[in-house]
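J.: this one's sequence-less:
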């Protein structure tokens, strides 16, 4: 793996990753996550009670919403609120974030509480959905601590069953590469987002052939890269939450 | 692989698959596809010309829309037209179908023509998106033949670079199984949809841990099952188009 | 009446009519109705209980929704779900179907149950609203039988007070004709849809002068044609339900 | 015909009818029409040019929109603008008004001009759609005169081929009655709206059995009443336009 | 102040003001207010009970909605119901009217009752929002009297703490002027709407520099004019309510 | 002026104000503005060309959109994109920001270029609209410099005619106070937002009596406070743009 990347990284290297906890004053969990030029403000809103259709189940509810500021991208995009409807890409990513976070939440242990994760992209340079999942986990962990401290979660309950992170991988000019910025993303022959738990289990694997179909060998190479990348992210999340 | 399935199939067996071409009178391609209890009416509408933003590019455009009739399911769902907006699941599947079909279309060879694939689920018993992709390919192939016969596609041009099909796989009680009906789908620990070309390349792999994260070994077993299933579907598509 | 029609029918002759009951697996009533080239999938969804504003009234509720698949027509129409709103024609026909079916339902005898009739046009060749009403009656009758068998309707109660069907009539080149296909519909000087009960009562009469105003004599001739056509449809409905 | 009506009218008598031309300062045609307690402000907006899809046809375009003020009725109705969508009843009536007016317009003689008829119900006491059609004709006639005076309509061209009016009729306690106010409308067994030209041709006949199906004899009696009522309205329109 | 105005008024003179109470038959309060060429139909709908989120508070609720008929203006505007959303200007004015009226209502004295003020502009010649506030007060006063007579408001309670009116002022060619019609409004360098109580308190002051910023001295001159204009309106409201 | 404020400020003192230019990588102007606990990300998107209805006018176009992240506030608010429509408050503020910025732009000097100002509130503690205007000016100034450097604005042209800023003032317990945080805002008897140019002209004055009407003397005191506050903001803007 010695291919040259525009930003000087090795193929298996992450971009600089940063977690700024407590970015917003009021949210029960708030984390501005940075993956190179991509910055996503993740907030976790903890409210006691659950939607009506979950009442009495004893279980909680975790959901997510993803959005981009109009000028997160190179050219301005119209607001979805102005267009009056949410695009397919936005919905798809919101659903992915929600599923990914729920994979590490024991809703019974959470009790009848709701946590909404808002992931707003302030700056977009590829990998916004993977940064969002990774940052949302940090906000979620803080919100759960808040719920424990507040007494809304029962003493001794452990709503988090592990950590979760996500990273993008892709094949560019035949070389598998980790954590693609925008310029690489548009050139990738195959593009994959891999969501994993901190102990190495797969939560979600989404691979797409952008130009030509890919082989099982290519798939395996990408999964290896992603496994290493997610292991590193899990470590950085742990450090951020201890900080 | 000797686990018992409710419908008597072996774990690696497809449900009965049927393609009824020409179901609608007017569409350039029309195919009612059946995967067991799942039936999807796929139509391909061929129009000369492309959307404004593609004009002059010399290339064509292929897109897809998926929807369910209100009573395709066990209990009635409100129409998305009545609710005034399209749900996230619908958009996600529409986008998946479009990407999958475009993977086998050479848009330059198609010329400045547009093909819209409409996949309307008349009856839903699991695997609606995989049936839709598989049936839409048949409608697409017919619409392209129509375009050639009509002279809208240049003589000698070969817009189709191969065939494409899709199948669901999942792990149920620890056993990987092929082509899940609804009752199996809701019980699956891991659920995966695999889109492949007729010559065995991967176009899209979407795996989700529904209950617990999955391992690389499980992923490999599922991909093997799907590869065999898609090979069989490619064969059935070929027969249907010859018929 | 010896005018020649494009499809060889006599002016007072129906197109071939077919009822396929049980087309969908799950609906309490489901009927694919065919009037020549027009095919409408009618499903009747029976649910116990009524909308909140009818609760405690002791009476049931019957309503209908009509829609067309995008490629039911010669050229593709955008989906109303994609446009985000339902067109005037769709609403008008949905309301007409609902009123027509309610005309033969004794809602007190139905008890506090709701039946929703979905009429989705798979293929459109004129007369979609009349085929929808005629097929929806068959689906409704099956759903009511289901409700009786299930015990949701009281033993001995007779929610159906009769049968209902509908047919189009029009004046073409001065000749009144029955059951107009698309090519005749666009040429008609006067166009009328007539909804009648099985015993010959009028439920709804909607006549429109498309080109020049019509006289009372013309109106009478059209109503006579429609009366005979509806009598034949009532007979065919009866046979289908016995089948 | 000696049945007693709440407002003292005979069964074949219209409510007091009034046309106030020029109610709005700017509209090319503006008429506040009164049918008893029902008051509809009809405006005709004349603009040179036609929608893009009619350009170059040499023909004009006439269309209509109907709406109710929130407090036209006994209890307040939410605004359709606030609900974000137009109801089925509103669309149906808008379409009816448009068809009715177009029945007396020769669009070739109108030339490439557009007239939009807005019918806003200020006060509603039954018969709002018939009052709207009848008043809109007066506004339309004024707008066409304006177009002639302005030179937008060719000298000598006669875009109006006649006059048009509408009236409601219904059967109440077995008696056919003309021009139903709200209290009668809700009690009617059969309800019919009849649109006619000034010379007695039928433009639109819409009859609905509200409670029990109606017979051909009842239909004939209602049409006779409506014919006489519309003849009287045509006379009143003529007087108003001469005034 | 001797500047010439197109309509012959002095700079500090109101246009002819008229209040027609009881314009609609059913509304608890209804007033057609005229400010020169501007006419707004204001209705006050009184209903017992309050929105759910106010229940049990013992206090009432007053809100307002403003809209324009399509042809109130020189050229026709599309309906907001047709466009499917309400424009910013409409919302802004609706909110202003609501705040202005609430400024003179003691909601505790009103008790758990709701009053909705609908202000529909029939004809627009500048100052529609100020006419709406001024006329809505008259409709509100009538609706409160209705509520007292009906017993919905407790005997002795005085929900109205005063009267409220509004007037526009602006600087045109350097001269401050009162109550601007459309032709003056578009030319104004500074435009201000001033809402005041009958005893001379300010409820809302909204001043906008349309072309160049304005000075404190100009602001003071405009407020003086508005104060005198509102005093005159308060007097006219009083007379109208006594009439 | 010696009243105690919760945050220790004097009545005529601003909260700490900070401008972080270049917060986003791609926007032609980007400024994260802080007014105490309120933080608004303002971006200015410069594009060559103007909307169709301004083409050929030789003049440019400046517009603004305001929005809040869901968790900028103490409790989470639903997204306007999810609700499918924009609230009245959002529209009102968007319009205010646009008007305020246009007050200091010479659109002829800007040439046929468009600048869109997006003001997204990341954290809200009162005064979000005034912070947005004040920060948007800084982003606008940077975007105009970009346009000059890029050559999109003619050499020598001076599109900015001055600077603009805004501040809130209010009366709390009888004392006029500057720059209200949320806790003061909800308690204010009178609330006013004042937009001024750098040389002391008024652009917009919006005062609202929240509880009781206010007098001319109170209005004057508030305007004096706001004038001093805006002078200080203009100085801080100048320093930020020199930095």
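T.: Noted; the coordinates are in hand. Computed from a predicted structure; not experimentally measured.

J.: which residues does residue A:92 contact?
T.: By CB atoms under 8 Å, 6 or more residues apart in numbering or on different chains, residue A:92 lies in contact with B:88, B:91, B:92, B:95. Glycine gets a C-beta too; all of them are placed from N, C-alpha and C.

J.: actually residue A:230, not the one I wrote
T.: A:165, A:166, A:167, A:194, A:195, A:196, A:200 are the contacts of residue A:230 under CB under 8 Å, 6+ apart.

J.: show me where chain A has its helices.
T.: For chain A, the helices defined by DSSP state H cover A:80-83, A:88-102, A:107-110, A:128-150, A:182-185, A:216-242.

J.: just to revisit the earlier point, just the contacts of residue A:230 now: which is nearest residue F:67?
T.: residue A:166 (26.6 Å; CB to CB).

J.: wait, that closest one sits on residue A:130?
T.: Yes: Residue A:166 lies in contact with residue A:130 (CB atoms under 8 Å); the separation is 4.0 Å.

J.: return every residue with contacts to both of the two.
T.: Joint contacts of residue A:166 and residue A:130 (CB under 8 Å, 6+ apart) are A:193, A:195.

J.: show me which of the two is the more surrounded one.
T.: Taking other CB atoms under 10 Å in any protein chain shown, residue A:166 and residue A:130 do not tie; residue A:130 has more neighbours (30 against 27).

J.: most surrounded residue in the contacts of residue A:92?
T.: Counting by other CB under 10 Å, top hit in the contacts of residue A:92: residue B:91 with 22 neighbours.

J.: ok, the nearest residue to that one once chain neighbours are set aside - contacts?
T.: Among residues not flanking residue B:91 along the chain, residue A:88 sits closest, at 3.5 Å (CB to CB, 6 or more residues apart in numbering or on different chains). Counting by CB under 8 Å, 6+ apart, residue A:88 makes contact with B:88, B:91, B:92, B:94, B:95.

J.: and residue A:237, by the same measure?
T.: Counted by CB under 8 Å, 6+ apart, residue A:237 has contacts A:19, A:134, A:137, A:138, A:163, A:165, A:198.

J.: run the chain-centre distance for the helix or strand bottoming out on mean pLDDT in chain A.
T.: Lowest on mean pLDDT, DSSP states H and E among the helices and strands of chain A sits helix A:80-83, with a mean of 90. The chain centroid and the centroid of helix A:80-83 are separated by 24 Å under CA atoms, centre = their mean, to the nearest Å.

J.: again with stretch A:61-68
T.: How far stretch A:61-68 lies from its chain's middle: 10 Å, per CA atoms, centre = their mean.

J.: for it, give the mean pLDDT please.
T.: Across stretch A:61-68, the average pLDDT comes to 97.

J.: can you check stretch A:127-134 too?
T.: 98.

J.: list of residues touching it?
T.: A:15, A:17, A:33-36, A:38-40, A:42, A:66, A:68, A:72, A:93, A:96-97, A:100-101, A:119, A:121, A:164-168, A:179-181, A:185, A:193, A:195, A:233, A:237.

J.: who's sitting farthest from the centroid in chain A?
T.: Using CA atoms, centre = their mean, the residue of chain A lying farthest from its centre is residue A:56. It sits 30.0 Å away.

J.: and that residue, what's its pLDDT?
T.: 92.

J.: quick one: residue A:211 from chain E, how far?
T.: 39 Å (CB to the nearest CB, to the nearest Å).

J.: count the neighbours of that residue for me.
T.: Residue A:211, neighbours per other CB under 10 Å, totals 12.

J.: nearest residue to it other than its sequence neighbours?
T.: Among residues not flanking residue A:211 along the chain, residue A:189 sits closest, at 4.8 Å (CB to CB, 6+ apart).

J.: which residue packs closest to residue A:102, ignoring adjacent ones?
T.: Nearest in space to residue A:102, with sequence neighbours left out and distances taken as CB to CB, 6+ apart, is residue A:62 at 5.1 Å.

J.: contacting residues for the one you found?
T.: A:98, A:101, A:102, A:105, A:107, A:110, A:114, A:115, A:116, A:117, A:140.

J.: the residue nearest to residue A:211 and residue A:210 touch, don't they?
T.: Yes: taking contacts as CB under 8 Å, residue A:189 lies within contact range of residue A:210: 6.0 Å.

J.: hmm, back to that, buried subset of the contacts of residue A:230?
T.: Listed as buried from the contacts of residue A:230 are A:165, A:166, A:167, A:194, A:195, A:196; burial here means 16 or more other CB atoms under 10 Å in any protein chain shown.

J.: closest to residue E:228 out of those residues?
T.: For the buried ones among the contacts of residue A:230, the closest approach to residue E:228 (CB to CB) belongs to residue A:166, at 67.4 Å.

J.: identify the bridge partners of that closest one.
T.: Beta-bridge partners of residue A:166, counted by DSSP bridges, are residue A:195.

J.: who touches it in this structure?
T.: Counting by CB under 8 Å, 6+ apart, residue A:166 touches A:100, A:129, A:130, A:133, A:134, A:193, A:194, A:195, A:196, A:204, A:230, A:233.

J.: about what we covered before: including distance to residue B:174, could the contacts of residue A:237 go into TSV?
T.: Shown next, in TSV, are the contacts of residue A:237 (distance: CB to CB, whole Å):
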residue	distance to residue B:174
A:19	37
A:134	30
A:137	28
A:138	34
A:163	26
A:165	27
A:198	24
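
J.: just the buried ones from these?
T.: Buried, going by 16+ other CB under 10 Å: A:19, A:134, A:137, A:138, A:163, A:165, A:198, out of those.
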